[in-house]
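Asker: I'd like to go over a predicted model; first the sequence, then the structure.
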Amino acid sequence: MPTTPRRLLAVVALVGLLGGCGGTAATGDPVPDGELRVAAQFAPRSGYAMDTDDAFVVAQVGSSEALVRAGSDGTPQPGLATSWRQDGASWTFQLRPGVTFHDGTPLTPSAVVTALTWVAGVAAPPRAIKGIGLRATETGPDAVTVTTAAPDPILPLRLSSVNTAILAPSAYTGGPPSVIGTGTGPMRLVAAQGNQEAVLERNDSYWGGRPQIAKATVRFITDPAARALALRAGDVEIAQGLPESALLEFTPGNGYADQTVAAPRTVSLMLNQKGAFADVRVRQAVEKALDRTALAEQALAGSALPASELYGPAVAWGSQDPPAGPDPQGARELLAQAGSPQLTVRLQTYPNRPELPTLATAVQGMLREVGIDAQIQIGEYGPQEPQLLAGDYDMFLLSRNYLTDVPDTGSTLVSDYSCAGSYNINQYCSPEYDALLAPLATTTDPAGRQAVFRAAAARLTADVVGVPLVHSQENAVTKGVAGFVVDPLAKQLITPELTRAG
Amino acid sequence: MSGLLARRLVALPFVLLGAALLIFLLPRMAGVDTVRSVLRSRVAEAEPDPEVAARVTAELGLDRSWLEQFLRWLGHALTGDLGISFATRTPIAPQLGAALEVSAVLAAGALLVAGLVGIPLGVWAARRPGGLADRAVTGFSVLGVAVPEFVLAPVLVLLLAIAVPLLPATGWGTPAQAVLPVLTLAAFPTALAAQLTRAETLDALGRPHVAVALAKGIGGAQLIWRHGARLALTGVTALSGMFFAGLLGGAVVVEVAFGIPGLGRLLYDAVVGQDLPMLQSGLLAVVAVAVLAGVAAELLQLALDPVARSEAET
């Protein structure tokens, strides 16, 4: 059978020719009532439990909504509540009229109280509302009052957290609330097959207008290469979080649209101030030794942005400035002044963020140039954490999301950098810095709070409290889709405006 | 044969008990803070409050002694109650059952391909040692053993889902979606089966009874299949039990690459999330299947090989 091997060879040869080509469909006119398939980056790990990070998945697929939405400028915007007002430790939220849950029952103050009471009462309350003593009570036919142990200036922002989404009372029947058919969002979750896929149908009675997509299937594909292949094979129309190398294949000429946005996540080199980096001159030397532009553009092949300070372009108060260039000679002089012209330290990190070992190697090379011998140790994060918090380390490369739940970074500034901070890996303690944060306890105005964030970040930069290296980016590639926007806060994916295009 | 079966069945509970003890102890000896891992999906990097950690420790039953935890888990498992997952807070049995079913289909499919392709290839190669067919099969076998699954999987997708769009690249639930993962998983056992069959067939062809057969005038393909390949089958059969158990829980790469909700991925997630009840039940299920598959393979081998049967009976 001589033809079979020839056919095989022809197929193999075709891979080379077609492998780099995608389809030819370009984004065109909206297709009404289309079906959408998505390759999602993060899979639910906790059975869609609303008190865990799985709540992000439920929100992303367009099923659940909270009382408040977070605006792109960090301000609270109306969600299931249309307005709110503060009275001391109480905030009263006016509910949106005409909203119904996916099971057909109406949104009522009682339903909101049930949902908020449940999430406030779980064994380990979610980060956004942890330790604030949240209580919810009905206030009339269309309002709810939420009270906290002490006046909370950012309670509306806290209630934009995906964990505080309001599900129908039928979801709360003991045990983890059911997310199937109990949300209020534009898409109704009809089936959730573990961490494989979720199937959604349009919520025709959505309060925000009839969604364009009739049906959506979200496949959770955790391997980035597999997501890229699924998009190329036409298995999906949207793929989140593709590797930088794969993005080169998805060009507009082939009908693909790539969106890359800055994420509220920074990779920083933490420096132990109760150990090898107690002397600010040694910390400054490390800062001068590092070429952050090269780290972002060469070591990480442009998949991240160079960081000049803790906050980057993902947030309104973040720095847009490029970092200072490297100064190896200045670094050597500072080390000599500090009496440590040659320094041997441990550089620890963890592997489940693939960019970290790569960065560690690049940082090691740059530090070697100025006389610092950084010995890399890579291990799982969990077992290292107690050592880090106890100050038993030298350098640690950490990837940290500073806006995990709400568009307010006050809690991160306290936990990570204040003298009493519970996650103060740098072992930094400055009464002046702590005093800078004091207004956050009473300031409600987002602009006023953001001014404090800027001042705190500047102070941390001046004191060289670790060295922010790069800001991460999020991306997604689409084909045959219109109205798609990458949400850097990872709360939205399927929206009413999203549509298939042909 | 019935004696062997009885001996194996008597040993089974002791094997499972020993395995259960090891499976229970090993994750606890790794030094990972289980409560901290469970809480990571709730509080991320932040250190949980001690009272919250204590509450969750009690809720998960981790405040009891190791012995008490083990006996409680074992007692419940014996009654069919595998407990509640630390991660999902939902019963383990349905999740484990669904994952086992997926992995069993994958593993059985891969072994079927290995048998249907590997054995004929091995026999074909043994017909003329050193010939073109033999070299081709050996080359294929080397590739099948050497190319890792994380390379083969995307290559197959490029070939059969993108360049020639015959099959879906990812997912699970339709026969078409099973083809590429099964082919990926089958590469290694197929290569091994081909080489094993080749070696066994060559060995069998050199034995005296085959020489007698040749003297009787039986030759060619009939000789090879009746006297050579049949004996070779016994070796492959003995290996298949081990392979089945290995593929059942060890197909993590393939399951991740194709987005398949199988047992390997379930176990991997359980290790990462320190979901101890899921990990314990999943591993115990793999061990149980391994033991049973081993016994089944041994029985099948005895049925195929009269020499081994008579040795077992004496």
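Answerer: That came through fine. Numbering: from 1, shown residues only, chains lettered A, B, ... in the order given.

Asker: quick one: the helices in the stretch 151-300 of chain B?
Answerer: B:175-205, B:208-215, B:220-223, B:230-250, B:252-258, B:263-272, B:276-304 (DSSP state H, counting those that start in this stretch).

Asker: actually the stretch 401-502 of chain A, sorry about that
Answerer: Counting by DSSP H, counting those that start in this stretch, one finds helices in the stretch 401-502 of chain A at the ranges A:410-417, A:431-437, A:446-462.

Asker: what's the offset of the longest one from the middle of its chain?
Answerer: Computed by CA atoms, centre = their mean, to the nearest Å, the chain-centroid distance of helix A:446-462 equals 20 Å.

Asker: quick check: the residue of the stretch 151-300 of chain B nearest chain A.
Answerer: Nearest to chain A in the stretch 151-300 of chain B, going by CB to the nearest CB, is B:Ala169, at a distance of 3.6 Å. Where you see a C-beta, it was placed from the backbone N, CA and C, and this is true even at glycine.

Asker: tell me the pLDDT of the closest residue to that residue other than its chain neighbours.
Answerer: Nearest residue to B:Ala169, sequence neighbours excluded (CB to CB, 6 or more residues apart in numbering or on different chains): A:Ala233, at 3.6 Å. With respect to pLDDT, A:Ala233 scores 93.

Asker: A:Ala233 contacts B:Val157, correct?
Answerer: Yes: A:Ala233 lies in contact with B:Val157 (CB atoms under 8 Å); the separation is 6.6 Å.

Asker: mutual contacts of those two, please.
Answerer: With contacts taken as CB atoms under 8 Å, 6 or more residues apart in numbering or on different chains, A:Ala233 and B:Val157 have B:Ala169 as neighbours in common.

Asker: now do A:Pro76 against A:Tyr350, distance only.
Answerer: A:Pro76 is 34 Å from A:Tyr350, where distance means CB to CB, to the nearest Å.

Asker: more neighbours, the two?
Answerer: Per other CB atoms under 10 Å in any protein chain shown, whichever of A:Pro76 and A:Tyr350 has more neighbours is A:Pro76, with 24 against 21.

Asker: am I right that that one is in contact with A:Arg69?
Answerer: Yes: applying CB under 8 Å as the test, A:Pro76 and A:Arg69 come out as touching, 7.4 Å apart.

Asker: quickly list what's touching both of the two.
Answerer: Common neighbours of A:Pro76 and A:Arg69, using CB under 8 Å, 6+ apart, are A:Ser160.

Asker: so where's chain B uncertain?
Answerer: B:1, B:31-32, B:40-48, B:211, B:214-215, B:217-221, B:226-232, B:312-314 (pLDDT under 70).

Asker: so what's A:Glu230 closest to, chain neighbours aside?
Answerer: One thing to correct before we go on: residue A:230 is Ala, not Glu. Per CB to CB, 6+ apart, closest to A:Ala230 is B:Thr170, 4.5 Å.

Asker: that neighbour - how many residues pack around it?
Answerer: By the measure other CB under 10 Å, the count of residues near B:Thr170 is 26.

Asker: just send the helices of the stretch 401-502 of chain A back as JSON lines, with mean pLDDT, distance to chain B and mean neighbour count too.
Answerer: Output for those, formatted as JSON lines (pLDDT from 0 to 100; distance: least, CB to the nearest CB, whole Å; neighbours: other CB atoms under 10 Å in any protein chain shown):
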{"stretch": "helix A:410-417", "mean pLDDT": "89", "distance to chain B": "6", "mean neighbour count": "22"}
{"stretch": "helix A:431-437", "mean pLDDT": "96", "distance to chain B": "17", "mean neighbour count": "14"}
{"stretch": "helix A:446-462", "mean pLDDT": "95", "distance to chain B": "17", "mean neighbour count": "18"}
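
Asker: appreciated, that's everything.
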